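Visitor: Dropping a prediction and its sequence here:
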Amino acid sequence: MAGSALHHDILIIGGGSAGIDVAARLRRAGAPDVGLLDPAETHWYQPLWTLVGGGAARLEESRRPQASVMPRGVAWIKDAAVAVDPDERVVTTAGGIRISYRQLVVCPGIQLDWERVPGMAEALDTPAGSSNYRPDLAPKTWELVRDLRSGTAVFTMPTGPIKCAGAPQKIAYLAADHWRRTGVLADIRIVLVLPTPGMFGIKEFADELERVAARYGIEVRTRSELTAVDPANRRATVTRHATGEAETIDYDLLHVVPPQSAPDWLKTSPLADPADPAGYVEVDRHTLRHVRYPTVFALGDAGSTPNSKTGAAIRKQAPVVVRNLIAAAEGRPLPAVYGGYASCPLTTARDRMLLAEFDYSMRPTPSFPFLDTTRERRDMWYLKRYGLPALYWNLMLKGLA
């Protein structure tokens, strides 16, 4: 098939939650020619990986065959994008296929840059290192948590936008709650390394998370970052942003989250925001249309919108993209607006959760105004554990939520 050519009226790059949701909505709206470019054979519900790492879910629950979630009538091209020419309206794949399009939706997800922190990738291959950001390692995280009876556990978060920005904290709380329940919490030093000034960007949620961290005796290092790992000697170097002062922490368990960016091919494309070294697609934050290429839209983790990169954000972005895509094709003004909604379900124990919902205003925007979701709640735990996965598989991926 190398060197061959295809054409689709609407081409979607990426078959994750964003791409499948948009494809399903387009088909429901009657779009006759939708192509979706993605090489994956497995579709993952990634929010469950934190619970896998915390011993509260099985990895098998988070995956299904990609073919089973592909909307009927969508042409699935099992290949990966390596280049895009928005002037010629052509995408080139790893297999050498050139796909022309009339309109393009870009949602290839986010790239995990393990190599940007010296020693981080190597630490994952040692008995004491893990990360819930890889599905093959999430079960290992639980094994490490379950087997640790004393010592030091370090949980880290990188600078810059990442998918599910609450995940680095969530696993720390789930681990601490397990150690509390098994009577060993007093024998384990827990260090949580955050690059941010506080626990969360919105005071109401930050205050509650400070109480949670204090309850578990977690040492929180704000405005700090993991800058190196010596996996052979189980040492983590944590650097304070303001002073450049480095602290070395010997660990018995290390859970890392890698720096993240747009896929490399996207960074070097004309679609990337030239002012952003992370290379995200430069879109209008309300219409989600590219600021320089009117036939291109983007959503999800690879977009430049200044909201948290979460599945909940995608759920609000997908209908905006579809409505505006159809309007643009018909030469009408774009009718739909994305207000920056994002949601971060923060598990604070094995039966408690804090549901942080907010938008561009950076104020709480609760979906359940009759519930105080700025506090830990047991009912929110059941939403996270059972409600949201059911919503994802049964409604969101079918363009119904």
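Guide: Everything's here; your move.

Visitor: Can you name the residues that contact the residue nearest the centre of the chain?
Guide: A centroid search over the chain (Cα atoms, centre = their mean) returns K163, at 2.4 Å, as the residue closest to the centre. Shown in contact with K163 (Cβ atoms under 8 Å, 6 or more residues apart in numbering): 46, 109-110, 260, 301, 309-310. All C-beta atoms are positioned from the backbone trio N, CA, C, and that covers glycine.

Visitor: From S343, how far off is it?
Guide: Per Cβ to Cβ, to the nearest Å, K163 is found 13 Å from S343.

Visitor: and for the two, which residues touch both?
Guide: Shared contacts of K163 and S343 (Cβ under 8 Å, 6+ apart): T310.

Visitor: Put the alpha carbons of the longest helix anywhere in the chain into PDB.
Guide: Secondary structure assigned by DSSP state H gives helix 311-329 as the longest helix of the chain. Output of helix 311-329 as PDB, limited to C-alpha atoms (Å, rounded to 0.1, in the frame of the first residue of the first chain):
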ATOM      1  CA  GLY A 311     -11.800  12.900  29.300                       C
ATOM      2  CA  ALA A 312     -14.500  15.100  30.800                       C
ATOM      3  CA  ALA A 313     -13.100  18.000  28.700                       C
ATOM      4  CA  ILE A 314     -13.200  15.900  25.600                       C
ATOM      5  CA  ARG A 315     -16.900  15.000  26.400                       C
ATOM      6  CA  LYS A 316     -17.700  18.800  26.200                       C
ATOM      7  CA  GLN A 317     -15.400  19.500  23.300                       C
ATOM      8  CA  ALA A 318     -16.700  16.800  20.900                       C
ATOM      9  CA  PRO A 319     -20.100  18.200  20.300                       C
ATOM     10  CA  VAL A 320     -18.600  21.700  19.800                       C
ATOM     11  CA  VAL A 321     -16.200  20.400  17.100                       C
ATOM     12  CA  VAL A 322     -18.900  18.500  15.300                       C
ATOM     13  CA  ARG A 323     -21.400  21.400  15.200                       C
ATOM     14  CA  ASN A 324     -18.700  23.800  14.100                       C
ATOM     15  CA  LEU A 325     -17.300  21.400  11.600                       C
ATOM     16  CA  ILE A 326     -20.700  21.000   9.900                       C
ATOM     17  CA  ALA A 327     -21.400  24.700  10.000                       C
ATOM     18  CA  ALA A 328     -17.900  25.500   8.400                       C
ATOM     19  CA  ALA A 329     -18.500  23.000   5.600                       C
END
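
Visitor: could you give me the average pLDDT of the next helix or strand after that helix?
Guide: Following helix 311-329 in sequence order, the next helix or strand is strand 342-349 (DSSP states H and E). For strand 342-349, mean pLDDT is 94.

Visitor: Check which helices and strands strand 342-349 is in contact with.
Guide: helix 167-181, helix 203-216, helix 311-329, strand 352-358, helix 378-382 (3 or more Cβ pairs under 8 Å, 6 or more residues apart in numbering; DSSP states H and E).

Visitor: buried stuff in that strand?
Guide: 342-349 (16 or more other Cβ atoms under 10 Å).
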